[in-house]
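S.K.: A predicted structure for the sequence below; I have some questions about it.
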Amino acid sequence: MPSYEYRCLDCRRRFEVFMTYAEYGKHPVVCPHCQSEHVQRRVGRVRIARSEESRLENMADPSALDGLEDDPKALGRLMRQMSSELGEDPGPEFHEVVNRLEAGQSPEEIESALPDLAGDDGGVPEDDF
């Protein structure tokens with residue numbers, strides 16, 4: 001049975017009412033706190049299911065990438081969003097880097113503070129550029 005959220009316009013308290021679809025709109029809703037019929041329906045959050053492909057396409061929008069080189073906080077937010085969209089925990093090192101970015105540290109500062117982060121096999125030697 002669906003629940004419907006209401007707010008009493010007299011006592012200002014919120015409450016839920018459980019009723020069938022057939023009952024909705026046919027019976028008056030009464031505030032359980034003050035018994036007033038002066039209530040207003042609240043519309044809760046709406047969730048939209050999207051495919052993984054749709055979520056990844058949205059993140060790859062070039063307009064979302066503008067200015068990331070100059071804004072470490074925005075880069076950190078984007079990295080956190082990408083991690084949550086992928087649904088996998090990338091590990092404590094990733095979280096450390098993202099936390100530092102969100103605190104305003106530049107990638108260069110993070111790299112110098114955490115030189116072993118890339119590891120011996122993760123980094124690309126500068127001669128390869």
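M.R.: Done, it's in. Residues are numbered from 1 along each chain as shown.
S.K.: any idea which helix is longest in the protein?
M.R.: Secondary structure of the chain read by DSSP state H shows that its longest helix is helix 72-86.
S.K.: Residues contacting the helix or strand following that helix, please?
M.R.: The C-terminal neighbour of helix 72-86 among helices and strands, as given by DSSP states H and E, is helix 92-102. Helix 92-102 has contacts (C-beta atoms under 8 Å, 6 or more residues apart in numbering) with 72-73, 75-77, 79-80, 83, 107, 109-110, 113-114, 117. Yep, even glycine has a C-beta here, placed from its N, CA and C like the rest.
S.K.: From the chain's centroid, how far away is helix 92-102?
M.R.: 17 Å (C-alpha atoms, centre = their mean, to the nearest Å).
S.K.: Which residues in it does the neighbour count mark as buried?
M.R.: By neighbour count on 16 or more other C-beta atoms under 10 Å, the buried set for helix 92-102 is 97, 98, 100, 101, 102.
S.K.: Please apply the same query to stretch 70-83.
M.R.: 72, 74, 75, 76, 78, 79, 80, 83.
S.K.: Over to stretch 2-17?
M.R.: Buried residues in stretch 2-17 (16+ other C-beta under 10 Å): 4, 6, 8, 15, 17.
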